[in-house]
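K.L.:
this one's structure only:
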């Protein structure tokens, strides 16, 4: 089985978004040089990325079929199958994620939010119910939840993650600013806003020095 680096996996949604935009403009084929110019990537990297996931070959001087590329990318990324998730911590970030409609295009359905604030429990955000932690075991069982999204304060993230793991949820999308320590079979993807901004800030500083 071919292994994919984190950087490579991060590029595929970028390709998919661009291809869908090109399709809306009426383009039916696109070449690696055109994609490279639009994205600022190298042609060689783009060719290798698509060779790893494509079900068909491109045509010289014409490129690849846009519809086929979209289909291949959505299948590879798992966007074709619906994955149910539950979100912990309905604060500013958690609430924003509950209101975000783009997850449906990725095959992700957030079925409910979990919070400890009594005034939130029993309410809804974008039609999604806010439940208490005590309701979690039954909710996981009834909805067959595969993914947990953590937007809780860093002081509580490890405890919540361990509870989820013990209840059978092994895939965690972690927005809390803390490194989680879980068994090796847990799938944890950390979203570090500070690291992401540091990269942007550094690139901006280098641009100003030129």
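P.N.:
That came through, no problem. As the structure is a prediction and not an experimental result, all values here were calculated from the model.

K.L.:
nearest spatial neighbour of residue 93, skipping sequence neighbours?
P.N.:
residue 151 (4.8 Å; CB to CB, 6 or more residues apart in numbering). All C-beta spots, glycine's among them, are computed from the backbone N, C-alpha and C.

K.L.:
In stretch 136-154, which residues are buried?
P.N.:
136, 139-140, 145-152 (16 or more other CB atoms under 10 Å).

K.L.:
Take those residues and write them to TSV, including pLDDT.
P.N.:
Output for these, formatted as TSV (pLDDT from 0 to 100):
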residue	pLDDT
136	92
139	93
140	92
145	93
146	92
147	95
148	96
149	97
150	96
151	95
152	94
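
K.L.:
what would the residues you listed look like in JSON lines with secondary structure and distance to residue 169?
P.N.:
Below are the buried residues of stretch 136-154 laid out as JSON lines (DSSP: H, G, I helix; E, B strand; the rest coil; distance: CB to CB, whole Å):
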{"residue": "136", "secondary structure": "helix", "distance to residue 169": "9"}
{"residue": "139", "secondary structure": "helix", "distance to residue 169": "11"}
{"residue": "140", "secondary structure": "helix", "distance to residue 169": "7"}
{"residue": "145", "secondary structure": "coil", "distance to residue 169": "6"}
{"residue": "146", "secondary structure": "coil", "distance to residue 169": "7"}
{"residue": "147", "secondary structure": "strand", "distance to residue 169": "7"}
{"residue": "148", "secondary structure": "strand", "distance to residue 169": "5"}
{"residue": "149", "secondary structure": "strand", "distance to residue 169": "11"}
{"residue": "150", "secondary structure": "strand", "distance to residue 169": "11"}
{"residue": "151", "secondary structure": "coil", "distance to residue 169": "15"}
{"residue": "152", "secondary structure": "coil", "distance to residue 169": "14"}
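
K.L.:
Identify, from those residues, the entry nearest to residue 186.
P.N.:
residue 148 (10.5 Å; CB to CB).

K.L.:
Look up the residues forming beta bridges with the closest one.
P.N.:
residue 86, residue 172 (DSSP bridges).

K.L.:
Would you mind confirming that it is in contact with residue 83?
P.N.:
No. With contacts counted by CB atoms under 8 Å, residue 148 stays clear of residue 83, the gap being 11.3 Å.

K.L.:
picking that back up, now render the buried residues of stretch 136-154 as JSON lines, adding distance to residue 3.
P.N.:
Putting those into JSON lines (distance: CB to CB, whole Å) gives the following:
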{"residue": "136", "distance to residue 3": "34"}
{"residue": "139", "distance to residue 3": "35"}
{"residue": "140", "distance to residue 3": "31"}
{"residue": "145", "distance to residue 3": "28"}
{"residue": "146", "distance to residue 3": "22"}
{"residue": "147", "distance to residue 3": "22"}
{"residue": "148", "distance to residue 3": "25"}
{"residue": "149", "distance to residue 3": "26"}
{"residue": "150", "distance to residue 3": "26"}
{"residue": "151", "distance to residue 3": "30"}
{"residue": "152", "distance to residue 3": "32"}
